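J.: Okay, predicted coordinates and the sequence, questions at the end:
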Amino acid sequence: MRLLALITFLITIPKMAWSQTNFNYGPELGISISQFSSKNEYNIESRGDRITEKKMPIVSPVVGFKGQVIIRSHLQLTGSLQYQKIGERYRYHRDGNNLLYGGTYTSDEWKNQTFQKLCLPLTLGYLFKTGKQQSSIFVGIRPNLLFSGNYYYKTKLDDHSDNSKDFSTVYEFNPLQSDETEIPAKRFRNQLLIGASTGINQSLKMILSFSIGQSINYSQYTPYSSESYSGKSLLNSDIGISFAYLLKPAI
């Protein structure tokens with residue numbers, strides 16, 4: 001009799017625990033940027049030069065797979081595997097005056113930093129009702145694995161009075177490779193993650209998120225660059241919107 005009661009207890013407890021949880025999983029698709037665009041224009045009064053600088057983020061698709069567990073109606077645990085790109089495009093233009101030989105010139109620089117990464121966001125959220133659908137706010141961590149990288153640099157000088165002084169050069173390397181850099185970028189990074197989500201229908205969910213971590217730093221000399229040092233850096237932040245189509249497992 002006691003053995004029968006023990007068996008009944010062991011069977012009932014897991015069923016009760018499972019009945020208070022809700023597990024869903026499915027594909028996730030969205031877009032992200034690492035930062036916002038910026039533009040800076042200024043003059044060097046002592047020379048009469050005009051300089052324009054622009055920074056533009058790389059817009060990347062986010063492709064992944066998400067799973068979530070809802071416990072007791074209000075607690076939400078999620079985990080995902082995501083692929084995305086991060087990066088920045090920098091443009092420098094200078095209309096200058098040659099004070100030594102006279103005449104004018106234009107100088108242009110292009111710098112592109114791009115990394116591809118896999119991310120594993122893990123979050124804890126609080127669920128609440130918004131109309132007929134459930135919404136949530138959440139926090140968590142987002143480990144990153146950088147598996148591909150590229151730094152592209154091009155410079156061009158056009159001397160308007162002496163074409164023999166014109167020149168152009170291109171330089172490119174992989175910031176993750178130790179044989180192509182002085183100090184390579186670390187492949188493993190962590191980010192803090194905050195966000196909110198809301199249901200569109202029973203299966204489709206919209207997710208807004210912001211992630212930030214330590215900058216991606218590396219060092220390599222770039223010939224003919226206006227940079228006075230070889231250290232380079234990219235802000236490791238992500239602002240994203242995605243949609244997940246979540247299904248219930250067949251149990």
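T.: Thanks, I have it. Quick caveat: nothing in here was measured; it's all calculated off a predicted structure. Residues are numbered from 1 along each chain as shown.

J.: Please count neighbours and contacts with C-alpha atoms only from this point.
T.: Will do.

J.: List the residues that contact the nearest residue to Asp159 once chain neighbours are set aside.
T.: Spatial nearest neighbour of Asp159, excluding adjacent residues (Cα to Cα, 6 or more residues apart in numbering): Tyr105 at 4.4 Å. For Tyr105, the contacting residues are Asp95, Gly96, Asn97, Asn98, Leu157, Asp158, Asp159, His160, Ser161, by Cα atoms under 8 Å, 6 or more residues apart in numbering.

J.: Angles on the backbone of the fourth one, please.
T.: With angles defined as degrees, to the nearest 10, Asn98 sits at phi -90, psi 100.

J.: Compute the number of surrounding residues for the residue lying closest to it once chain neighbours are set aside.
T.: Using Cα to Cα, 6+ apart and skipping residues adjacent in sequence, the residue nearest Asn98 is Thr104, 5.6 Å away. Thr104: 16 surrounding residues under other Cα atoms under 10 Å.

J.: go on, Gln76?
T.: Neighbourhood size, Gln76 [other Cα under 10 Å]: 21.

J.: pretty sure it is touching Leu127, no?
T.: Yes - with contact defined as Cα atoms under 8 Å, Gln76 reaches Leu127; the gap is 6.7 Å.

J.: Ser80 and Val63 touch, don't they?
T.: No - under the criterion of Cα under 8 Å, Ser80 is not in contact with Val63, lying 10.1 Å apart.

J.: Please enumerate the helices of the stretch 1-150 of the chain.
T.: Assigned by DSSP state H, counting those that start in this stretch, the stretch 1-150 of the chain shows helices spanning 2-19.

J.: where does it dip in pLDDT?
T.: Within the stretch 1-150 of the chain, the segments meeting pLDDT under 70 span 1-21, 100.

J.: Do you have the strands of it handy? List them.
T.: If DSSP state E, counting those that start in this stretch is used as the criterion, the strands of the stretch 1-150 of the chain fall at 21-33, 38-44, 49-57, 60-71, 75-97, 104-119, 122-130, 133-159.

J.: Whichever of the contacts of Tyr105 end up buried, select them in ChimeraX.
T.: Burial among the contacts of Tyr105 is assessed by 16 or more other Cα atoms under 10 Å; the matching ChimeraX selection reads:
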select :95,96,97,157,158,159
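
J.: Show me where the stretch 151-251 of the chain has its strands.
T.: Along the stretch 151-251 of the chain, counting by DSSP E, counting those that start in this stretch, strands occupy 167-173, 188-199, 204-213, 216-219, 231-234, 237-245.

J.: can you redo the ones you listed as TSV with mean pLDDT, distance to Arg72 and mean neighbour count?
T.: Output for these, formatted as TSV (pLDDT from 0 to 100; distance: least, Cα to Cα, whole Å; neighbours: other Cα atoms under 10 Å):
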stretch	mean pLDDT	distance to Arg72	mean neighbour count
strand 167-173	88	51	14
strand 188-199	95	18	19
strand 204-213	96	20	18
strand 216-219	92	40	18
strand 231-234	84	41	15
strand 237-245	96	22	20
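
J.: about what we covered before: save the contacts of Tyr105 as TSV, and put in distance to Gly199 too.
T.: Below are the contacts of Tyr105 laid out as TSV (distance: Cα to Cα, whole Å):
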residue	distance to Gly199
Asp95	52
Gly96	55
Asn97	59
Asn98	61
Leu157	54
Asp158	56
Asp159	59
His160	60
Ser161	64
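
J.: Burial check on Gly149, number of neighbours?
T.: By the measure other Cα under 10 Å, the count of residues near Gly149 is 20.

J.: My error: substitute Phe36 in the last question.
T.: Applying other Cα under 10 Å, we find 11 other residues in the vicinity of Phe36.
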